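In: need a structure here:
(one chain, ligands or ions: 2)
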Amino acid sequence: MLDNPIEYLKGVGPLKADLLKKELALFTFGDLLEHFPLRHIDKTTINTIADISATTDYIQVAGTVDDLVILGEKRSKRLVARLKDKTGTLELCWFQGINWIEKNIHSGRPYLVFGKAGFFNGKPQITHPEIELWSPSMAEGKDFLEPVYPTTEKLKAKGLNGRQIGKLTASLMEMISPKEIQENIPEPIISKLKLMGRFDAYCSIHFPKKKQDYDAALYRLKFEEFFISQVRLGLTRLSRHKSSKGVVFEKVGELFNTFYSHYLPFELTGAQKRVIKEIRADTGRGRQMNRLLQGDVGSGKTIVALLTMLLAADNGYQSCLMAPTEILAHQHYKGLSELLQDMPVNLRLLTGSTKTAERKGILRELAEGSLHMIIGTHALIEDPVIFKNLGLSIIDEQHRFGVAQRARLWAKAEIHPHVLVMTATPIPRTLAMTAYGDLDYSVMDELPPGRKPVTTVHRNEMHRVKVIDFIRNEIDKGRQAYIIFPLIEESEKLDYENLMDGYEHVKAFFPEPKYWISMVHGRQPADIKASNMHRFVKGDTQIMVSTTVIEVGVNVPNASIMVIENAEKFGLSQLHQLRGRVGRGSEKSFCILLTSKLNNDSRERIKTMCATNDGFKIAEKDLELRGPGDIEGTRQSGALLFKLANLVNDKEILEVAKKESEVLLTADESLSSHYNLNLKNYLLVQKGKTVWSKIS
Ligand code: ADP
Ligand code: MG
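Out: Numbering: from 1, shown residues only. Ligands and ions are numbered 1, 2, ... in the order given. Sure, this is the predicted structure:
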């Protein structure tokens, strides 16, 4: 019955049905059932007029109407009626529908009146009240709270305001029996958590008898949303584990061990060790790894990538590491080549600007298999690149790559290579659980020891001169500074001009010949960009003026100052990424956020940045400010479309749902216990809403 088209519902008809479909996407009875009320109106009690006070909101009173008069002219024309009960007098006032009211409301008769109370000239008044002729059956008040539903202007114009939609819901609820809304949560969980049953929950979310019933219904339905999605994600993960074949890295060999004991420049952090263990377990058991590695900026993901690549090489497989920008690819290549210089490992770099002859050589070595590891940009997924036996693809800074691009990389081998996606944009745990719940997922939430936290301050741009003095001082002590300009305009040309202006200003502030300034931006040819970057890396220039191309991954340990111009224009994760460029060396580092006027949101962002260096905390705040749909990397995930549940406010419910679903799947992954049959049937009937089943 819930699949019935909405026009079959009593009181709907083709015209209204059309509007309900267009305006609210309500196509079926079931859609209406899931069109939840915004709030409820309490008409369960009848108050007296004397109860009305300055703090009264909506109120219901009963009394006799006397004295109906029309006052005013034209726009201020209104009908005023007096309602009297034993305790006092209330004015009722209409500006619209005067003729109808005049005809239908009669002096001397009793009425039940409901509306938002206010005071006019010191007298209690309700404008445009609901009014009904009194009948004795009303004496007890309504025996449920009256729902008010979301609606639109167009629907209102056609007589479907928030309360009238409630009439439709009421006639729907009259037809529905527990048969249509069968329980989908296993009984042991229902009784353990004292959840309201499914049918009762749908009744009480629309027409609760009292507030507590509504709350219990809401909890139950939110739990159900989370629980069903967790079970589904869990099942997807389990089935992927079963069905996907992967190459086996069975041993930790010579290369890994030699590197680990002789060339690893530092002790690994606990988090790094844990993740490597997880990767080893994943890649050793014959199924394809699809792992997302979340690690805050500077948590040391590169070395994890290298060790994993060595593991691949030890087992006779090639691997590739793909970076989102040429600068980053170069940097990875340089860093890893240095680490591997005394190792018998063949490592090369392939980017869009690799010269033809060299490129040919690389492609040949890749095809022959003499090249163990390749680092590159998306040039790596261009078609002529053929591997002999690609066993591992690592993707750095995932969100810069489209899903389609990743899929191409992934499809390069017959048995799909293991995939490790590393991202430095931490996402909140709740999002990770819902958006990536079907993936293998690692977190590195620990920074290497000895890092000095970056001190972040906020300055109004009027104080730029002071900031410049500070920078000069630090530079004179031998440090380097970034000055970042935002991409503000839609047009690339204006952005460019904005940056050029900024550059000229910086130059004017540092006129002495001892100061050298680099500039990097998106419009430069790759080689110019690289050489400008390189001069800054080598310390030949002390100041780097740039747009956000510098954002991801760049590593210049001697740079200790990050100045962000128009910081109010940046999102939180971007600010955090930018700040991550400093604090990489032994010196105390600073991040200075320059802004003009702030609005509430930007003030909140700046405050957050000044208060914490923890990327995961910043991600939580970001989620709170923007909502899940806008968080980087999760936009494509249908898993986030909850109707009632909310990832910010309902974290605890999600935790409980996750735990229960894990317990359940561990005990009975085929859902064949008789307790779980209702759940299994429900999942089977639900049309397959797909979620990300693979990273690629
Ligand atoms: P990210 O996770 O942001 O990619 P990187 O891999 O670039 O971080 O590492 C940041 C810096 O920390 C690098 O200079 C790296 O050599 C250093 N590093 C990584 N792991 C450790 C460790 N366990 N101990 C000390 N320094 C480390
Ligand atoms: Mg990195």
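
In: separation between the closest residue to residue 572 other than its chain neighbours and ligand 1?
Out: Spatial nearest neighbour of residue 572, chain neighbours left out: residue 622 (4.4 Å); criterion: CB to CB, 6 or more residues apart in numbering. C-beta here means a position set from N, CA and C on the backbone, and glycine is covered the same way. Separation of residue 622 from ligand 1 (CB to the nearest ligand atom, to the nearest Å) stands at 18 Å.

In: which secondary structure element contains residue 622?
Out: helix 615-626 (DSSP states H and E).

In: Go through that helix and flag the buried ones.
Out: For helix 615-626, a neighbour-count test (16 or more other CB atoms under 10 Å) marks 615, 616, 618, 619, 620, 621, 622, 623, 625, 626 as buried.

In: TSV please, covering those residues and showing distance to residue 245.
Out: Converted to TSV, these look like this (distance: CB to CB, whole Å):
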residue	distance to residue 245
615	35
616	34
618	39
619	34
620	38
621	42
622	38
623	36
625	43
626	39
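
In: and of the residues you listed, the nearest to ligand 1?
Out: Nearest to ligand 1, judged by CB to the nearest ligand atom, of those is residue 615 at 9.9 Å.

In: Double-check that closest one against residue 423; I have them as touching.
Out: No. The pair residue 615 and residue 423 fails to qualify as a contact (CB atoms under 8 Å) at a distance of 10.5 Å.

In: Surely residue 37 touches residue 148?
Out: Yes. Between residue 37 and residue 148 there is a contact under CB under 8 Å: 5.9 Å.

In: Overlap in contacts, those two.
Out: Common contacts of residue 37 and residue 148 (CB atoms under 8 Å, 6 or more residues apart in numbering): residue 166.

In: Which of these two has more residues huddled nearby?
Out: More crowded of residue 37 and residue 148, by other CB atoms under 10 Å: residue 37, with 22 against 17.

In: Residue 215 looks like it's in a helix, true?
Out: Yes. Judged by DSSP: H, G, I helix; E, B strand; the rest coil, residue 215 forms part of a helix.

In: That one: how many residues sit nearby?
Out: Neighbour count for residue 215, taken as other CB under 10 Å: 14.

In: And it, how far from ligand 1?
Out: 43 Å.

In: just residue 473 next, same as before
Out: 26 Å.

In: Could you list the buried residues of the helix or strand that residue falls within?
Out: Using DSSP H and E, residue 473 maps to helix 464-476. By 16+ other CB under 10 Å, the buried positions in helix 464-476 come out as 464, 467, 468, 470, 471, 472, 474, 475.

In: which residues touch residue 380?
Out: 320, 322, 350, 374, 409.

In: so when I look at it, I'm seeing a helix, right?
Out: Yes. Residue 380 sits within a helix when classified using three-state DSSP.

In: gap between the helix holding residue 622 and the chain center?
Out: Distance of helix 615-626 from its chain centroid, counting by CA atoms, centre = their mean, to the nearest Å, is 9 Å.

In: circling back to that earlier point, of all the contacts of residue 380, which comes closest to residue 183?
Out: Using CB to CB, residue 409 comes nearest to residue 183 of these, at 44.4 Å.

In: can you count the residues close to residue 200?
Out: 16.

In: Which single residue in the stretch 101-250 of the chain comes nearest to ligand 1?
Out: For the stretch 101-250 of the chain, CB to the nearest ligand atom, closest residue to ligand 1: residue 249, 21.5 Å.

In: Could you report the distance from that residue to residue 592?
Out: 46 Å (CB to CB, to the nearest Å).

In: Name the residue in the two with the higher neighbour count.
Out: Between residue 249 and residue 592, counted using other CB under 10 Å, residue 249 has the larger neighbour count: 27 against 22.

In: ok, now which ones touch the closest residue to ligand 1 within the stretch 501-650 of the chain?
Out: In the stretch 501-650 of the chain, no residue comes nearer to ligand 1 than residue 555, which is 5.5 Å away by CB to the nearest ligand atom. Going by CB under 8 Å, 6+ apart, residue 555 touches 331, 335, 581, 584.
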